[in-house]
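Novice: With the sequence up front, the predicted model follows.
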Amino acid sequence: MLLEEVRVGDRLSGAAVWGDVQEVHRLLYGELVHPVALNRFGKTALLDPSAKCLKPSPRASHHLQGSRNLVTLAGCAQRDP
């Protein structure tokens, strides 16, 4: 694994943990960071139980992308099966 990959994984995980939707969106769509980029602990933002989650809004079109179509749910990783 490259050091640069770990850095972007750390940045993505950090933004997810803090619930920074704009930064997560910027990393994923602006910098094209892969959603399962590993952080320094070998985990992804998707596997981190303390991360706040992004889920599509029930009213969001599946053909549209953007933060206006996403909602954050604190701790959804613990609640969802």
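Specialist: Okay, I see it. Numbers count the residues shown, from 1 in each chain.

Novice: could you measure Gly42 against Glu23, distance?
Specialist: 22 Å (C-beta to C-beta, to the nearest Å). Glycine gets a C-beta too; all of them are placed from N, C-alpha and C.

Novice: between those two, who's got more neighbours?
Specialist: Glu23 (16 against 10; other C-beta atoms under 10 Å).

Novice: Next one: Val36, what pLDDT does it get?
Specialist: Here, the pLDDT recorded for Val36 equals 83.

Novice: So for it, what's the nearest residue that isn't a sequence neighbour?
Specialist: Thr44 (4.5 Å; C-beta to C-beta, 6 or more residues apart in numbering).

Novice: likewise Leu46?
Specialist: Nearest residue to Leu46, sequence neighbours excluded (C-beta to C-beta, 6+ apart): Val36, at 6.2 Å.

Novice: avg pLDDT for the biggest helix by length in the chain?
Specialist: Under DSSP state H, the helix in the chain containing the largest number of residues is helix 3-18. Average pLDDT, helix 3-18: 82.

Novice: start the count at 546, not 1, going forward
Specialist: That works, and once the first residue is 546, the last one we named lands at helix 548-563.

Novice: Which strands and helices lie in contact with that helix?
Specialist: Secondary-structure packing of helix 548-563 (3 or more C-beta pairs under 8 Å, 6 or more residues apart in numbering; DSSP states H and E): helix 566-570.

Novice: elements contacting the helix it packs on?
Specialist: Other elements packing on helix 566-570 under the criterion 3+ C-beta pairs under 8 Å, 6+ apart are helix 548-563, strand 615-618.
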